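In: A predicted structure for the sequence below; I have some questions about it.
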Amino acid sequence: MTRRATAVAAAAVAVVVLGAPALAQPSAPEDFGVPTTRMLAESVRVWVPSGFVKAIETEQTDGAETVVRLDSDILFTFGSAKLSAAAAKRIGELVTKVPRAAAVRVTGHTDDVGSVAANQVLSEQRAQAVAAAVAVTRPDLMLKVQGRGESAPTSPNTSPGGREDNRRVEIRYRS
């Protein structure tokens, strides 16, 4: 027998006589204990890509005028002027701090996708839908409703982000 064959045979006999080495067993789940609320909170990382979560509205005060800008992409489905019940409720909440019997202008805007005429009609219908939601909560307000179609963009319509910025309904009132 060669030296190599003798070594292999000796190793085989040792495994049979001594037994195979025990495989390491993973820790049982009970070894970790019961996690506390703090441990769970620290073990989770919230990740939200930039721009992924978008508010339904933004509010800006410019001098004596307040402008509440509503994102049409959140309020309405594409080409529609129908508000969901949740959106109508939120709009009602947004106008609770408008001064009593104030004059309020509700203006709809679109991007430049589609015809000028269709965008004009859609902007008017969306402004009317928002005004109706305002009137449910605040019948004391004097509402003026208008659609501007694609005529008053806030961003260039040359990119999806720019077009998204332009699809909006604004609620304006004197603070």
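Out: Done, it's in.

In: where does this protein have low pLDDT?
Out: Along the chain, the model assigns pLDDT under 70 to residues 1-32, 46-54.

In: show me where it has strands.
Out: Remark: strands assigned in the chain by DSSP state E are 57-62, 65-71, 103-109, 142-147, 168-174.

In: starting at the chain centroid, how far to stretch 140-153?
Out: Put simply, stretch 140-153 sits 25 Å off its chain's centre (Cα atoms, centre = their mean, to the nearest Å).

In: what about it, start to end distance?
Out: Distance across stretch 140-153, first residue to last, is 31 Å (Cα to Cα, to the nearest Å).

In: what does that stretch contact?
Out: With contacts defined as Cβ atoms under 8 Å, 6 or more residues apart in numbering, stretch 140-153 is touched by 95, 98, 100-112, 116, 119-128, 131, 134-135, 157, 162, 165-166, 173. Yep, even glycine has a C-beta here, placed from its N, CA and C like the rest.

In: of these, just the buried ones, ChimeraX syntax please.
Out: In ChimeraX syntax, the buried subset of the contacts of stretch 140-153 is picked out as below (16 or more other Cβ atoms under 10 Å):
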select :95,98,102,104,105,106,107,108,109,110,111,112,119,120,121,122,123,124,125,126,127,128,131,134,135,165,166,173
